[in-house]
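Mind looking at a prediction? Sequence and model below.
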Amino acid sequence: MIKEAEASFTEFLEKKSLKLTSQRRTILRQAIEAQGHFSAEKLLELSKKKDKTISKATVYRTLTLLKESNILEEQDFGEGKKVYERSQGRKHHDHLVCIRCGRIIEFENDAIEKLQDREATRQKFHIVYHSLKLFGFCKNCS
């Protein structure tokens with residue numbers, strides 16, 4: 001997984017006349033190895049454990065590049081708090097977000113996907129990508 005991400009990211013950076021520096025490599029690896037959703041602050045914390053010279057600005061700049069290269073996906077689950085998750089090598093999924101405790105539940109549902117496709121066809125609309133987020137209360141907060 002990491003080798004594929006590094007190769008993909010290196011190719012993307014070369015097209016932008018940029019290099020895969022040791023700091024970018026560290027940030028990339030921490031992002032790929034992170035479980036589930038993570039904030040920029042969490043990525044900074046993880047990256048600094050590997051390389052104390054990595055700055056907040058470097059993490060934010062690298063996050064932008066990782067999003068542009070489609071290695072990471074940015075999500076906003078309300079209140080303007082951005083979180084990230086690996087998009088490369090993962091199946092598409094949707095999210096249930098608890099508005100009380102912030103819990104995020106990932107799910108896949110073929111019936112919902114087919115319904116979206118049928119509606120797009122009916123509307124003569126070509127879907128390029130989508131993100132479904134449902135907000136409510138988890139079982140612990142209901």
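Okay, I see it. Only a predicted model underlies this, so the values are computations on that prediction, with no experimental measurement involved.

now the helices for this structure?
All helices of the chain, identified by DSSP state H, fall at 2-15, 22-33, 40-50, 56-68, 110-122.

Would you reformat those as TSV and include mean pLDDT?
As requested, those are exported to TSV (pLDDT from 0 to 100):
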stretch	mean pLDDT
helix 2-15	94
helix 22-33	96
helix 40-50	97
helix 56-68	97
helix 110-122	95
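
any idea which of the ones you listed is most buried?
Of all the helices of the chain, helix 22-33 has the most neighbours on average by mean count of other C-beta atoms under 10 Å, namely a mean of 19. The C-beta positions use only the backbone N, C-alpha and C, and glycine is treated the same way.

just checking, what packs against that helix?
helix 2-15, helix 40-50, helix 56-68, strand 82-86 (3 or more C-beta pairs under 8 Å, 6 or more residues apart in numbering; DSSP states H and E).

Between these, which one is closest to Leu28.
Comparison of the helices and strands packed on helix 22-33 against Leu28 by C-beta to C-beta identifies helix 2-15 as nearest, at 5.7 Å.

same for the closest one, what does it pack against?
Going by 3+ C-beta pairs under 8 Å, 6+ apart, helix 2-15 lies up against helix 22-33, helix 56-68.
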